[in-house]
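Asker: kindly return the folded structure for what I paste below:
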Amino acid sequence: MLSEGTGYQSTQKIGSEEIGYYDRGQGSPMVLLHGMFGDFLDWEPVLEPLAASHRVIAVDLPGFGRSSKPRGEYSAEFFVSALHEFFEQLKLSEFILAGNSFGGQLAILYALRHPDSVSKLVLVNSGGFRRYTSEEMAVLEPRFNEAALAALTPEINALLFSGVFTKTSETSMRYLEKQNNKLRRADYPAYAYAVSRSIRLSLSSYLVDRLPELRCPTLLVWGGQDQVLPLSQAELALTHLRSGELKTIPGCGHAPQLECPAGFLRSIRAFLSSPLSSSRS
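Answerer: Prediction:
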């Protein structure tokens, strides 16, 4: 079992900042991007199984985990540029890119900007498939601004993260414990700033209209009982993909790789091993 602060092969310097990451296995590279409030451990149960057939790089996004948390604008350009420089330093020229929730949005944005780098795309309960109205934004942004996040408590966390899983389990309790442990970290104020800016980006990034631009085969993997981003959003996204398929995991919530790892692995195995289609040309 991995724990925060372990499992990293290294940190990589990107300009004046650092990216923390897990890097294991051999074979075709597969990069994993976590969701909001997350880190590389959001993929913990599937890291070793995937590393049996792939070189697995699970990233702590800038502002999250053990990566640097600069006080700047967490824009799409910021994330895509930082990830691209990171991948170049690891000499990753072509790879499978997977993202959960906010990580799915960033995976789409990266694949749109660097289509030759992404051989296949795996979007796990991805954000970006709902357009928020100005009225909804006016309600949501104050709830997740820097001050509100800096003031989180274990009691608020219990409510905030209650919709991630379908039921209370050892996995959900460990996840909540990890979130509560962050409250005591010295870098928590910087983290609260980074998350508040990242949430603003997530809410404003509607990507359905850009999905037809994706050249790579794309797999949507969705927990069928996701209370955060319902299955209907995946069904909408599927209709806009040039080369897409949808795998639903029944009885699973917003983070199937954590809650239902066996089902998650079954859902992606055939896609990962299938030859590339002509849709990339």
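Asker: need the contact list for Arg55.
Answerer: Shown in contact with Arg55 (CB atoms under 8 Å, 6 or more residues apart in numbering): Asp23, Arg24, Gly25, Gln26, Gly27, Ser28, Pro29, Met30. Quick note: C-beta positions are derived from backbone N, CA and C, even for glycine.
Asker: which ones among those residues map onto strands?
Answerer: Counting by DSSP state E, the part of the contacts of Arg55 found in strands is Asp23, Arg24, Pro29, Met30.
Asker: how far does stretch 65-77 stretch from start to finish?
Answerer: 20 Å (CA to CA, to the nearest Å).
Asker: strands along this protein, start to end?
Answerer: All strands of the chain, identified by DSSP E, fall at 10-14, 17-24, 29-33, 55-59, 95-100, 118-124, 218-223, 244-249.
Asker: in CSV, list those strands along with mean pLDDT.
Answerer: Formatted as CSV, these follow (pLDDT from 0 to 100):
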stretch, mean pLDDT
strand 10-14, 90
strand 17-24, 96
strand 29-33, 98
strand 55-59, 97
strand 95-100, 98
strand 118-124, 98
strand 218-223, 98
strand 244-249, 98
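Asker: quick one: closest of those to Leu276.
Answerer: Each of the strands of the chain has some distance to Leu276 by CB to CB; the shortest is strand 118-124, at 6.2 Å.
Asker: tell me what that closest one is packed against?
Answerer: Contacts defined by 3 or more CB pairs under 8 Å, 6 or more residues apart in numbering; DSSP states H and E place strand 118-124 against strand 95-100, helix 102-113, strand 218-223, helix 261-273.
Asker: quick one: residues contacting Val208.
Answerer: Gly128, Phe129, Arg131, Leu236, Ala237, His240.
Asker: those residues in helices, which ones?
Answerer: Judged by DSSP state H, helices contain the following of these: Leu236, Ala237.
Asker: now the contacts of Val208 in a markdown table, with pLDDT and distance to Ser117?
Answerer: Converted to a markdown table, these look like this (pLDDT from 0 to 100; distance: CB to CB, whole Å):
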| residue | pLDDT | distance to Ser117 |
| --- | --- | --- |
| Gly128 | 98 | 19 |
| Phe129 | 98 | 23 |
| Arg131 | 97 | 28 |
| Leu236 | 98 | 26 |
| Ala237 | 98 | 21 |
| His240 | 98 | 21 |
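Asker: out of the strands of the chain, nearest to Tyr206?
Answerer: Tyr206 sits nearest to strand 118-124 of all the strands of the chain, at 14.6 Å, using CB to CB.
Asker: okay, the angle between the closest one and strand 244-249?
Answerer: If you take axes from the mean of the first three to the mean of the last three CA atoms, to 10 degrees, strand 118-124 sits at 40 degrees to strand 244-249.
Asker: pairing partners for strand 118-124, with directions?
Answerer: Partners of strand 118-124 in the sheet, by DSSP bridges, are strand 95-100 (parallel), strand 218-223 (parallel).
Asker: list the contacts for the closest residue to His54 other than its chain neighbours?
Answerer: Counting by CB to CB, 6 or more residues apart in numbering, His54 lies nearest to Met30, which is 4.3 Å off, once chain neighbours are set aside. Shown in contact with Met30 (CB under 8 Å, 6+ apart): Leu50, His54, Arg55, Val56, Ile57, Phe95, Ile96, Leu97, Ala98, Leu272.
Asker: equivalent analysis for Ser202, please.
Answerer: For Ser202, counting by CB under 8 Å, 6+ apart, the contacting residues are Met36, Phe102, Gln105, Gly127, Gly128.
Asker: out of the strands of the chain, which comes closest to His84?
Answerer: For the strands of the chain, the distance to His84 is smallest for strand 10-14, at 9.7 Å, taking CB to CB.
Asker: using CSV, list the CA coordinates for that closest one.
Answerer: Output of strand 10-14 as CSV, limited to C-alpha atoms (Å, rounded to 0.1, in the frame of the first residue of the first chain):
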residue,chain,number,x,y,z
SER,A,10,11.5,11.6,-8.4
THR,A,11,10.5,15.1,-8.6
GLN,A,12,11.2,16.9,-11.9
LYS,A,13,12.2,20.6,-12.1
ILE,A,14,10.0,22.7,-14.4
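Asker: picking that back up, format the strands paired with strand 118-124 as TSV; extra columns: mean neighbour count and distance to Val195.
Answerer: Shown next, in TSV, are the strands paired with strand 118-124 (neighbours: other CB atoms under 10 Å; distance: least, CB to CB, whole Å):
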stretch	mean neighbour count	distance to Val195
strand 95-100	26	15
strand 218-223	27	22
